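In: how would this look folded up:
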Amino acid sequence: MYSQTKDNPIITGIIWKQLLFFFFPILIGTFFQQLYNTVDSVVVGQSVGKEALASVGGSSAQIVALVVGFFTGLSSGATVTIAQFFGARDEKSANQGIHCAYAIALAAGVFLTIAGIALTPAMLRLMNTPAEIMGDSILYLRIYFGGIIFVLVYNMGSAILRSTGDSKHPLYYLIVCCAINIILDILFVVVLHMGVMGAAIATLIAQAASAVLVTLKLMRSKSILTLSLKKIRFHGPILKHQLRLGLPTGFESVLFAITNIAIQSAVNTFGTDTSAAWSAFGKLDAIFWMVSTAFGISITTFVGQNYGAGKTNRVRRSVRVCILMDLVVSTLLVLFLIIARTFLFRLFTADETVIQIGCDMLVLITPWYVVYVFIEVLAGALRGVGDVIVPVIITLLGVCVLRIIWLAAVLKIIPTIPAIIFSYPVTWCITALTFIIYYLYKQKRL
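Out: Model (predicted):
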C-alpha cells in the first residue's frame, strides 16, 4: 500500500500557500489551453478579416464550448474519485479509476467525432449563423471534431494528474503545444494562406501533441497511478461512481453552454459586426473564466483529498480562504479589462465599429464577475465532497432556466444588446445567493 499522507502538502501544508501552489499551474495551463483558439481568432481576424473572426470565434466557439464543457464536467467525476482514493491511500481503486477514466475518454472521442462531423451544419443553422460565415464555420468545426478525441484524452489525463496534486506537468505540455499551435497558425494562415482551414488544422495538431505527452507521463509514472494501455477498460463499480459524480457536472456545463448558444443566436441576429465583436469579447471574457476555473479545480481537488483523509475542519477553512483569494484576483482582473479594453479589442480587429460594440459589451458585463466567485468556489467545494446533484439543480434553475426566460421575455420588449448582456448579472446574483445558503446548510453536516 502506498502511503503519501506525510508527504502530501495538500493534506498537511498551510492552506493558502498550497492553494496558490496548486492554483497557478492550473491557471497558466488553462491560459495556454484557451490560447489555442484565441491565437486562431487573432491570426484569422488580422490576416483574413472579420468574417473569418466570426467563423472561428462565434457560433463555432459556442458549439466547441458545449462539447468540451460537458466532457470536462464528466472528467471531474474521475478527478474527485481518484483524489478521494489517493487521499485515502486506496491503491487498487485509484488504479482502476485511471484506466476506467481513459476508457471513457476514448469511447466519448469516437462517438463525438462521428456525431460532430455529421451534425455540424444543422447545429450552425439552429444558431442563426450568418450566411456569409456559414461555409468557413462548417469547415472549422468539422476539422475540430475530427480531432476531438485528442482534446478529451488530454483533458482526462491532465485531470488525473491534478487529482494527485500534480498541476505542473499539464502546464508544461500546454506551453509546448501552444507554441506548436502559434507556429503552425502563422505557417498555415499567414504564409500558406490556408485561411480558416489552416487555423483548424494547426489547433488539431497541437492538441494531438498535448494528448500524447500527458498519456506518456501517466504511463511512465512511478506512483500508485500508472497507466497501462493494455489495462484500459471499464470497471463497473468505478464507472458507476465516476458517472454518478461526473454526469451531473457535465450536464451543468451543457446547461451553461446551451444558454450561451441561445445568447449567441440572439447576438447573431444583429449582424456580422456584432457577431465579430461578441467573438472577440468571448476571448477576453475567457481570461476571467480561466481564473475562475483554476480556483474551482483547485478547491475541488483540495477538498476531495482532505475529505478523503477525514479532515473536515480543513475542508471548511480551505473554502473560506479560496473565496477570499478569488475575490481579490477577480477584482483586479475586472479593473484591468475595463482600463485596457480598447487596446485588447484592437488585437483582434482594426474595424472601429466592431471595436466600439465590443468595448460597450465589456463595460456592461465585467463588473459583475465578482459575483460569480461564490458560484465557482462553492460548487467546486461541494463536488469535492461528492455532492453534485443539488449544485446542478441550483445552476439549472438559477442560471439556465431563468436566463432563457429573461431572453424570451425581455428581448420582446427591449430588443437590444444591453438587454442580452444583463441576463448574466441578474442570473449570477440569484444563483450565488442560493449557493451561499445551501453551502452554509451543508457545512454544518460535514
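
In: Wait, residue 201 touches residue 187, no?
Out: No. Counting by Cβ atoms under 8 Å, residue 201 stays clear of residue 187, with 10.1 Å between them. Bear in mind the C-beta positions are built from the backbone N, C-alpha and C, glycine included.

In: could I have stretch 324-341 exported to PDB, CA atoms only?
Out: Presented in PDB, the C-alpha positions along stretch 324-341 are these (Å, rounded to 0.1, in the frame of the first residue of the first chain):
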ATOM      1  CA  LEU A 324     -11.200  35.500  -0.400                       C
ATOM      2  CA  MET A 325      -8.300  34.800  -2.800                       C
ATOM      3  CA  ASP A 326     -10.700  34.500  -5.800                       C
ATOM      4  CA  LEU A 327     -12.400  37.800  -4.900                       C
ATOM      5  CA  VAL A 328      -9.200  39.700  -4.800                       C
ATOM      6  CA  VAL A 329      -7.900  38.300  -8.100                       C
ATOM      7  CA  SER A 330     -11.300  38.800  -9.800                       C
ATOM      8  CA  THR A 331     -11.500  42.500  -8.700                       C
ATOM      9  CA  LEU A 332      -8.000  43.200 -10.100                       C
ATOM     10  CA  LEU A 333      -8.900  41.400 -13.300                       C
ATOM     11  CA  VAL A 334     -12.100  43.500 -13.800                       C
ATOM     12  CA  LEU A 335     -10.100  46.700 -13.400                       C
ATOM     13  CA  PHE A 336      -7.500  45.500 -16.000                       C
ATOM     14  CA  LEU A 337     -10.100  44.600 -18.600                       C
ATOM     15  CA  ILE A 338     -12.000  47.800 -18.300                       C
ATOM     16  CA  ILE A 339      -8.900  50.000 -18.400                       C
ATOM     17  CA  ALA A 340      -7.300  48.100 -21.300                       C
ATOM     18  CA  ARG A 341     -10.400  47.300 -23.300                       C
END
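
In: now it: how far from the chain's centre is it?
Out: Offset of stretch 324-341 from its chain centre (Cα atoms, centre = their mean, to the nearest Å): 19 Å.

In: Ok, stretch 279-297 next?
Out: Using Cα atoms, centre = their mean, the offset of stretch 279-297 from its chain centre is 8 Å.

In: Grab the CA positions of it and hand them over as CSV.
Out: Provided in CSV are the C-alpha atoms of stretch 279-297 (Å, rounded to 0.1, in the frame of the first residue of the first chain):
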residue,chain,number,x,y,z
SER,A,279,-16.5,36.7,-30.7
ALA,A,280,-13.6,38.9,-29.7
PHE,A,281,-15.3,39.7,-26.3
GLY,A,282,-15.6,35.9,-25.7
LYS,A,283,-11.8,35.6,-25.9
LEU,A,284,-11.3,38.5,-23.4
ASP,A,285,-14.1,37.1,-21.2
ALA,A,286,-12.2,33.8,-21.2
ILE,A,287,-9.5,35.5,-19.1
PHE,A,288,-11.9,35.6,-16.2
TRP,A,289,-13.1,32.1,-16.8
MET,A,290,-9.6,30.9,-16.8
VAL,A,291,-9.1,32.3,-13.3
SER,A,292,-12.5,31.1,-12.1
THR,A,293,-11.9,27.6,-13.5
ALA,A,294,-8.5,27.4,-11.9
PHE,A,295,-9.9,28.2,-8.5
GLY,A,296,-12.8,25.8,-9.0
ILE,A,297,-10.5,22.9,-9.9
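
In: re the thing from before, between residue 201 and residue 187, which has more neighbouring residues?
Out: More neighbours surround residue 201 than the other of residue 201 and residue 187, with 20 against 13 (other Cβ atoms under 10 Å).

In: show me what contacts that one?
Out: 143, 184, 188, 194 (Cβ atoms under 8 Å, 6 or more residues apart in numbering).

In: Could I get the full set of helices for the stretch 151-300 of the chain?
Out: Per DSSP state H, counting those that start in this stretch, the stretch 151-300 of the chain carries helices over the ranges 168-185, 195-219, 236-268, 272-308.

In: ranking those helices by burial, who's on top?
Out: With neighbours defined as mean count of other Cβ atoms under 10 Å, the helices of the stretch 151-300 of the chain peak in mean count at helix 272-308, which reaches a mean of 25.

In: got the angle between it and helix 236-268?
Out: 160 degrees (axes from the mean of the first three to the mean of the last three Cα atoms, to 10 degrees).

In: same question for stretch 193-210, mean pLDDT?
Out: Stretch 193-210 comes out with an average pLDDT of 86.

In: quick revisit: using JSON lines, lay out the contacts of residue 201 together with distance to residue 127.
Out: Formatted as JSON lines, the contacts of residue 201 follow (distance: Cβ to Cβ, whole Å):
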{"residue": "143", "distance to residue 127": "18"}
{"residue": "184", "distance to residue 127": "28"}
{"residue": "188", "distance to residue 127": "26"}
{"residue": "194", "distance to residue 127": "25"}
